[in-house]
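>>> got a structure for you, letters missing:
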C-alpha cells in the first residue's frame, strides 16, 4: 500500500492549528535537521575576490592619459556613417 506524502500546505495548516507550546516543540524538533544542510551550503559559498591589484605583478602601468587616448580612438568613428 503506497502512502501519500502530505503537501507543504497541509503540513503548514496542521502546524498552524497547534497551540503555541507545541509549535515551539515542533520548531525545536525541526531545527537540528536543518543545521547540517545549512552549514554545508555555507561552506560551499566562496566570497568574491577583489579585482583590485589584479595585474600588479605583470608590470602594466596605465595612466589616465593612456586610457583617454584609447577611448578617443575607440569612439572616434562612433556612430559610423556607412551603416
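Everything's here; your move. Since we're looking at a predicted model, the values are computed, not measured.
>>> Quick one, grab the pLDDT at residue 64.
Predicted confidence (pLDDT) for residue 64: 91.
>>> One more: residue 14?
Looking at residue 14, the pLDDT reads 94.
>>> quick one: secondary structure of the residue lying closest to it once chain neighbours are set aside?
Among residues not flanking residue 14 along the chain, residue 6 sits closest, at 8.0 Å (C-beta to C-beta, 6 or more residues apart in numbering). Bear in mind the C-beta positions are built from the backbone N, C-alpha and C, glycine included. Taken by DSSP: H, G, I helix; E, B strand; the rest coil, the conformation at residue 6 corresponds to coil.
>>> Verify the stated contact: residue 18 with residue 26.
Yes: using C-beta atoms under 8 Å, residue 18 and residue 26 qualify as a contacting pair, with a distance of 6.6 Å.
>>> can you count the residues close to residue 23?
Applying other C-beta atoms under 10 Å, we find 13 residues neighbouring residue 23.
>>> Next: the one 4 residues further on.
Taking other C-beta under 10 Å as the neighbour definition, residue 27 ends up with a count of 10.
>>> tell me which element it is part of?
In the assignment (DSSP states H and E), residue 27 maps to helix 20-44.
>>> Low-confidence bits of this structure, can you list those?
For the chain, applying pLDDT under 70 flags the ranges 1-2, 45, 83.
>>> cutoff 80 now
1-3, 39-48, 54-55, 77, 79-83 (pLDDT under 80).
>>> And the next helix or strand past the helix holding residue 27?
helix 64-75.
>>> Which residues does that next one contact?
Applying C-beta atoms under 8 Å, 6 or more residues apart in numbering, helix 64-75 has no contact partners.
>>> what separates it from the chain centre, distance-wise?
Here helix 64-75 is found 35 Å from its chain centre; the criterion is C-alpha atoms, centre = their mean, to the nearest Å.
>>> Which phi and psi values does the residue nearest to residue 14 adopt?
Main-chain torsions, residue 6, degrees, to the nearest 10: phi -70, psi 150.
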